[in-house]
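Q: kindly return the folded structure for what I paste below:
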Amino acid sequence: MPETSADLKYTNTPTTPLAEGEEVLASFQADRATYRRDHATMAAIAMAVGMAILWVIGNPHVWTGAIGGLAAIVLRGWYVASDELSVRWDLTDRRLMGPGTRTVGLREIKQINTLGSAVQVVTLTGDKHLIKYQPDAKATKALIERVQAGGRPPAQ
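A: Coordinates of the predicted model:
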């Protein structure tokens with residue numbers, strides 16, 4: 001069965017064709033070790049919050065908050081891992097191409113932020129895009145800014 005535009009919109013890799021003369025300079029894929037580390041951090045926070053809530057409301061079984069918080073994050077991590085880890089963003093000499101048909105022209109980028117292991121790209125119109133689970137979010141940000149300024153990625 002042929003792919004429809006809706007199918008292309010919801011894939012985890014860029015589906016927008018390259019323009020004439022455009023080339024992919026770098027790709028940003030989610031990193032499995034970073035994904036696991038982030039989920040371990042979220043689990044610790046969820047456990048602490050769950051226990052604190054039970055303590056505040058006077059529940060004598062505060063420890064169950066830790067089990068609930070851990071279970072929630074483990075289930076979430078297991079459930080979305082295949083989708084999150086297959087996401088790829090491509091950086092070209094003209095734009096940042098995200099999953100499906102998402103594209104952001106390099107001239108449309110207003111600000112680039114790092115949020116933990118994620119890189120947030122904010123456009124001039126206020127749209128926000130996350131490149132998640134980067135092993136070195138600051139390096140990803142620096143590379144996008146370098147290409148945006150007209151530079152090229154360092155030779156490998």
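
Q: C-alpha only now, for contacts and for neighbours.
A: Noted.

Q: and the residue nearest to Gln134 when sequence neighbours are not counted, its phi and psi?
A: Residue nearest to Gln134 in three dimensions, not counting chain neighbours: Ser117, with 5.2 Å by C-alpha to C-alpha, 6 or more residues apart in numbering. Backbone dihedrals for Ser117, given as degrees, to the nearest 10, come out at phi -90, psi 10.

Q: for Ser117, which residues are in contact?
A: Going by C-alpha atoms under 8 Å, 6 or more residues apart in numbering, Ser117 touches Thr34, Asp38, Lys132, Tyr133, Gln134, Pro135, Asp136, Ala137.

Q: if we go to 6 Å?
A: Contacts for Ser117 (C-alpha atoms under 6 Å, 6 or more residues apart in numbering) come out as Tyr133, Gln134, Ala137.

Q: just Trp89 next, same as before
A: Ser27, Phe28, Met97, Gly98.

Q: Three-state assignment for it, please.
A: strand (DSSP: H, G, I helix; E, B strand; the rest coil).

Q: can you pull up the bridge partners for it?
A: Assessed by DSSP bridges, Trp89 has beta-bridge partners Phe28.

Q: can you read off the pLDDT for it?
A: According to the prediction, Trp89 has pLDDT 98.

Q: distance of it from Gly100?
A: Here Trp89 is placed at a distance of 10 Å from Gly100 (C-alpha to C-alpha, to the nearest Å).
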